[in-house]
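[1] no letters, just coordinates:
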């Protein structure tokens with residue numbers, strides 16, 4: 001929250017203070033495989049989450065019952081470790097912008113999930 005502009009930071013703090021405990025808990029679970037639950041009382045919409053960072057990976061709700069259906073076509077970029085080997089910061093910026101354009105073109109107001117580390121291995 002501290003990196004947000006002051007007006008957005010104040011808005012976020014106000015929303016957090018006005019969320020009831022049960023509503024905060026609702027935000028920890030999903031409405032579907034890729035979406036959060038909304039909080040209409042405070043005007044908090046459903047948020048889409050999509051796998052990344054190789055590009056947009058969006059599937060419709062039919063995915064829940066048929067994993068091979070409902071995929072949205074998108075560009076699959078090389079892995080981050082591969083692109084990092086290029087040392088080309090401008091190229092990485094262009095990839096990020098392209099992923100952002102694909103998200104906007106698919107009308108996905110979302111969070112693009114970044115790479116993770118498998119700590120169990």
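    In hand now; what should we look at? Because the structure is a prediction, the values reported are computed rather than measured. Residues are numbered from 1 along each chain as shown.

[2] now the strands for the protein?
    Taking DSSP state E as the criterion, the chain contains strands spanning 48-50, 110-112.

[3] these: lowest mean pLDDT?
    Of all the strands of the chain, the minimum mean pLDDT falls on strand 110-112 (a mean of 70).

[4] below-threshold pLDDT in the chain: ranges please.
    For the chain, the stretches with pLDDT under 70 are 1-5, 51-53, 59-71, 109-110, 114-121.

[5] one more pass at 80, please.
    1-6, 33-34, 48-74, 106-121 (pLDDT under 80).

[6] flag every buried residue along the longest helix along the chain.
    Criterion DSSP state H: the longest helix present in the chain is helix 89-105. Neighbour-count burial for helix 89-105, counted by 16 or more other CB atoms under 10 Å, picks out 95, 99, 102-103. The way it works is simple: take the backbone N, C-alpha and C, and place the C-beta from them, glycine included.

[7] what is that helix packed up against?
    Packing contacts for helix 89-105, counted by 3 or more CB pairs under 8 Å, 6 or more residues apart in numbering; DSSP states H and E, involve helix 80-84, strand 110-112.

[8] can I get these in JSON lines with mean neighbour count and distance to residue 46?
    Below are these laid out as JSON lines (neighbours: other CB atoms under 10 Å; distance: least, CB to CB, whole Å):
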{"stretch": "helix 80-84", "mean neighbour count": "12", "distance to residue 46": "28"}
{"stretch": "strand 110-112", "mean neighbour count": "17", "distance to residue 46": "10"}
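
[9] let's have the ones you listed in a markdown table, adding distance to residue 47.
    Putting the helices and strands packed on helix 89-105 into a markdown table (distance: least, CB to CB, whole Å) gives the following:
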| stretch | distance to residue 47 |
| --- | --- |
| helix 80-84 | 23 |
| strand 110-112 | 6 |
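
[10] just tell me which of these ends up closest to residue 34.
    strand 110-112 (8.2 Å; CB to CB).

[11] what about the helices in this structure?
    6-18, 21-26, 80-84, 89-105.
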